[in-house]
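1. Need a 3D model of the sequence below.
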Amino acid sequence: MHTYEPKTFTIPTLEGISQKSIDEHIGLYNGYVKNFNAITAAVQDLMSDSAKNAHAISELTRRLSFEFDGMRLHEIYFTQLETAATSSNAESPLAQAISKQFGSTDTLLAQLKQVGLMRGPGWAILYYDESVQTFHIGFAGEQHQGHFATLPIVLALDVWEHAFLLDYGAQGKGGYIDSFFKNLNWTAVENRFAGL
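-> Modelled structure (predicted):
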């Protein structure tokens, strides 16, 4: 059984997102890693008598994708904030593909923000379907429901309350999203897209 280790991130001082908020958020990410490992180990132990433990196994297994997706989405999220904010490179393959479909990066971000403002916890995510060369914007409820199966993630925006509550209060999701975009390291996003 593989044991996952939490990654570390080099996140600079951000505009509009406090260090305390980032520290709390990374602590939550570490919890996802720890919980995924613990649940995986518990399921392995329970399999010694799978008939007797069938109910416990099924309930723990249902929880696995929640913990795993929380781990992986946060790794994408924090990588996008590492090093320093950078502007989108208009000559990059990502910017060209965005312009072709959306007209501009600003139009894409406006649509992504609108999805992020939906009620409920989750993630606003930009996916790319390479087979037809098109982007899809989706909302992953909580973090394990509503994904576009098999499509790689280009950009992930955490819109759970834990991402903005300390800095913006319960009604401040919009201000937080604006700050996230101001702090976005487009180079990291462009490199992710280039690696698809």
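2. any idea which residue sits dead centre in this protein?
-> Computing the C-alpha centroid of the chain and ranking residues by C-alpha atoms, centre = their mean puts residue 73 first, at 3.2 Å.
3. Helix or strand: which one has that residue?
-> Take DSSP states H and E as the rule and residue 73 turns out to sit in helix 54-79.
4. quick revisit: is it correct that the residue nearest to the centre of the chain is in contact with residue 142?
-> No - the pair residue 73 and residue 142 does not pass the contact test of C-beta atoms under 8 Å, sitting 10.4 Å apart. Glycine gets a C-beta too; all of them are placed from N, C-alpha and C.
5. burial of residue 88, as a residue count?
-> In terms of burial, residue 88 registers 20 neighbours under the definition other C-beta atoms under 10 Å.
6. three-state assignment of it?
-> On the three-state scheme (DSSP: H, G, I helix; E, B strand; the rest coil), residue 88 is labelled coil.
7. nearest residue to it other than its sequence neighbours?
-> residue 186 (4.4 Å; C-beta to C-beta, 6 or more residues apart in numbering).
8. what stretches of this protein score poorly on pLDDT?
-> Nowhere does the chain drop to pLDDT under 70.
9. same thing but 90
-> By pLDDT under 90, the weakly predicted segments of the chain are 1.
10. secondary structure element for residue 136?
-> With elements delineated by DSSP H and E, residue 136 resides in strand 134-141, which encompasses its position.
11. Tell me how the protein divides into domains.
-> When the chain is parsed with automatic domain parsing, its domains come out as 19-79, 93-194.
12. To residue 3, which of the ones you listed lies closest?
-> Closest to residue 3 of these, according to C-beta to C-beta: domain 19-79, at 5.3 Å.
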